[in-house]
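K.L.:
what's the 3D shape of this:
(2 chains)
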Number of protein chains: 2
Amino acid sequence: MLPTQRACSIIRYILYSTRYCYTSNKLIKSMEKTRGDDTLVARLVGSSVSYIRRCLFRLLSVGPIPNHMAFILDGNRRYAKKHNLKEGMGYRAGFFPLMTLLKYCYELSVKCITIYAFSIDNFKRRPHEVDYVIDLMIDKIEGLLKEVKTVNRYGVRVLFIGNLKLLHEHFRIAAEKVMRATANNKQSVLFICVAYASTDEIVHAAQECCEDKRAHEGREIIKLADVERHMYMGTAPDVDIVVRTSGEMRLSNFLVWQSSCSLLYSPRALWPEFGLRHLMLAVLMFQRSNPYLEKRRKQL
Amino acid sequence: MLPTQRACSIIRYILYSTRYCYTSNKLIKSMEKTRGDDTLVARLVGSSVSYIRRCLFRLLSVGPIPNHMAFILDGNRRYAKKHNLKEGMGYRAGFFPLMTLLKYCYELSVKCITIYAFSIDNFKRRPHEVDYVIDLMIDKIEGLLKEVKTVNRYGVRVLFIGNLKLLHEHFRIAAEKVMRATANNKQSVLFICVAYASTDEIVHAAQECCEDKRAHEGREIIKLADVERHMYMGTAPDVDIVVRTSGEMRLSNFLVWQSSCSLLYSPRALWPEFGLRHLMLAVLMFQRSNPYLEKRRKQL
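P.N.:
Below you'll find the model as predicted:
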């Protein structure tokens, strides 16, 4: 048995204990709620949970860790319906797991993370729903700006990609501020796809290639590298695994070029239910198929 | 319960009986092998199997049938290894289920079928393996030419798509003959992707758009429809479902543009093991997610 496989088996076994972490997190929250402030017990439980998580991550890191993970945050509306929440509250509920995910990915040393926040097609939804989501995003971006020191301490560069011209000026200004404030961070990159569609991105790249060709008349044909260079992500590594919550086995026009050879993992959980267990299963799935991919790369 | 859902439940129940069809097919084959010619019993079993299949297809057709199904024929080499066959024999073993699949799709009235026969990356395999597969394909294309009357009776138009310039002249001539001989068929289309990669196709389309732009200086920007028009498949409907055998959850540079919103279904069976049961499960999976997609289309 290879060390990676051994580690995987151990993790699989331990993974059920992450339910305990989840339960403990809930416990902490309920204690905070009832007592109004942190208690010694809550802090002790919190530390134990973090310790267990770090141990699991150490074990997981025996195998290869994906360079680039992409997430389709699907199921917010269904979550709101399931829990009888007000319309739009599903998106708010989806913000907490997103922050937790980013923290976990940082701890796991995933270099690139891409999230599908808002597609071009989403503009066709009911106007008040579109406004609600855009306002929520602006609110969170402005929140991020206030916490930019923390973001810089973690060394995360934040980049908004997509057809940003389609967005309100207010959004664009806030997004540009965040991008400028984190431009020098080199530890990891967070791509946030807003007003995005893969086919739109490819058409945009083709257009740019065409302009290039016109400018340098000597160049005769467009090459694969030219199109790649003009993609919004530029030189980011190809996506290793796309995670789409809510059990849907489709990409919905998300990074189709960059994930042409990537793994697709689709847990049944709705986005606000996504947790440590699902993230670890995604990494395990990547590790399981990695030796086969490496072998294929050598064969090719 | 909707009629579609009711039909699906019935089919799910009956589907286990298709194992019987499979066993019966094996039975017929073994009988043919031992006796050397058709017997009355074998013919009777054969007719019953066809009858059951047609009944199942009728039932399945209560729900929507995909317009366009695409198949990644994965697992031929692993099949050969699993059954201790000579190298290359896995590809031969994969030819029979392909023919059967085409017959079933015809019976189900699927309008477009696309198969990933040989990718551009496959050229990087060992030279004798590449030669073996190409020779096998030429052999089968020439066989198809001899049976072109049957193909025309079924009304199937055969189109080879991909960077055909990369192929040997012998292959190209045979492929062109088949395309010409079936050009007037309108019942259904079979796209065979050879020397194909999606990124290569997109770059080719971008190049063509650029040429167009140069020819008609008035046109300012490349649009989505321009890129679409220059794809090898042209106006074929978008892929409804991509089936990839051997349990792999990735597209491997296959139709990423055309299947940007398609379902991915990945049964564990290796390609030569793919049968009626898997095809029907693929259609059921499409039918199950179809109401949700329809609802989303209305919402958008």
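K.L.:
Point me to the residue of the stretch 51-200 of chain A nearest chain B.
P.N.:
Using Cβ to the nearest Cβ, the closest approach of the stretch 51-200 of chain A to chain B is made by residue A:124 at 4.1 Å. No exception for glycine: its C-beta is placed from N, CA and C like everyone else's.
K.L.:
Equivalent analysis for the stretch 151-300 of chain A, please.
P.N.:
Taking Cβ to the nearest Cβ, the stretch 151-300 of chain A has residue A:206 as its residue nearest chain B, at 3.7 Å.
K.L.:
count of residues packed around that residue?
P.N.:
Summarising burial for residue A:206: neighbours were counted as other Cβ atoms under 10 Å in any protein chain shown, giving 30.
K.L.:
what sits against the closest residue in space to it that isn't next to it in sequence?
P.N.:
Closest residue to residue A:206 apart from its sequence neighbours, by Cβ to Cβ, 6 or more residues apart in numbering or on different chains: residue B:206 at 3.7 Å. For residue B:206, the contacting residues are A:202, A:205, A:206, A:209, A:210, A:222, A:227, B:222, B:227, taking Cβ atoms under 8 Å, 6 or more residues apart in numbering or on different chains as the criterion.
K.L.:
Which of the helices or strands spans residue B:206?
P.N.:
With the criterion set as DSSP states H and E, the secondary-structure element containing residue B:206 is helix B:198-215.
K.L.:
quick one, that helix and helix A:198-215 angle?
P.N.:
Going by axes from the mean of the first three to the mean of the last three Cα atoms, to 10 degrees, helix B:198-215 is angled at 50 degrees with respect to helix A:198-215.
K.L.:
same for the following helix or strand past helix B:198-215, what does it pack against?
P.N.:
Tracing the chain past helix B:198-215, the next element assigned as helix or strand by DSSP H and E is helix B:224-229. When contacts are defined as 3 or more Cβ pairs under 8 Å, 6 or more residues apart in numbering or on different chains; DSSP states H and E, helix B:224-229 packs onto helix A:198-215, helix B:198-215.
K.L.:
List just the one of those helices that sits closest to residue A:251.
P.N.:
helix A:198-215 (7.6 Å; Cβ to Cβ).
K.L.:
so where do the strands sit in the stretch 151-300 of chain A?
P.N.:
Along the stretch 151-300 of chain A, counting by DSSP state E, counting those that start in this stretch, strands occupy A:156-161, A:188-196, A:241-244, A:263-265.
K.L.:
Of these, which stretch is the most buried?
P.N.:
A comparison of the strands of the stretch 151-300 of chain A by mean neighbour count, using mean count of other Cβ atoms under 10 Å in any protein chain shown, puts strand A:241-244 on top with a mean of 24.
K.L.:
Up against chain B, what does chain A have?
P.N.:
Taking Cβ under 8 Å from any Cβ of the partner chain as the contact definition, chain A meets chain B at A:121, A:124-125, A:198-200, A:202-203, A:205-207, A:209-210, A:213, A:221-224, A:226-227, A:248-253, A:256-257, A:259-265, A:289, A:299-300.
K.L.:
Would you check how far apart residue A:102 and residue B:158 are?
P.N.:
50 Å (Cβ to Cβ, to the nearest Å).
K.L.:
swap in residue A:260?
P.N.:
Computed with Cβ to Cβ, the distance linking residue A:260 and residue B:158 is 26 Å.
K.L.:
hey, what's residue A:113 bridged with?
P.N.:
Residue A:113 has the following beta-bridge partners by DSSP bridges: residue A:69, residue A:190.
K.L.:
Quick check, pLDDT for it.
P.N.:
Looking at residue A:113, its pLDDT stands at 97.
K.L.:
Next, count neighbours for it.
P.N.:
Residues near residue A:113, counting by other Cβ under 10 Å, number 20.
K.L.:
Would you agree it is in contact with residue A:192?
P.N.:
No - the pair formed by residue A:113 and residue A:192 falls short of the contact definition of Cβ atoms under 8 Å, at 9.4 Å.
K.L.:
Just tell me which of the strands of the stretch 151-300 of chain A ends up closest to residue B:177.
P.N.:
When those are compared by Cβ to Cβ, strand A:263-265 sits nearest residue B:177, at 38.3 Å.
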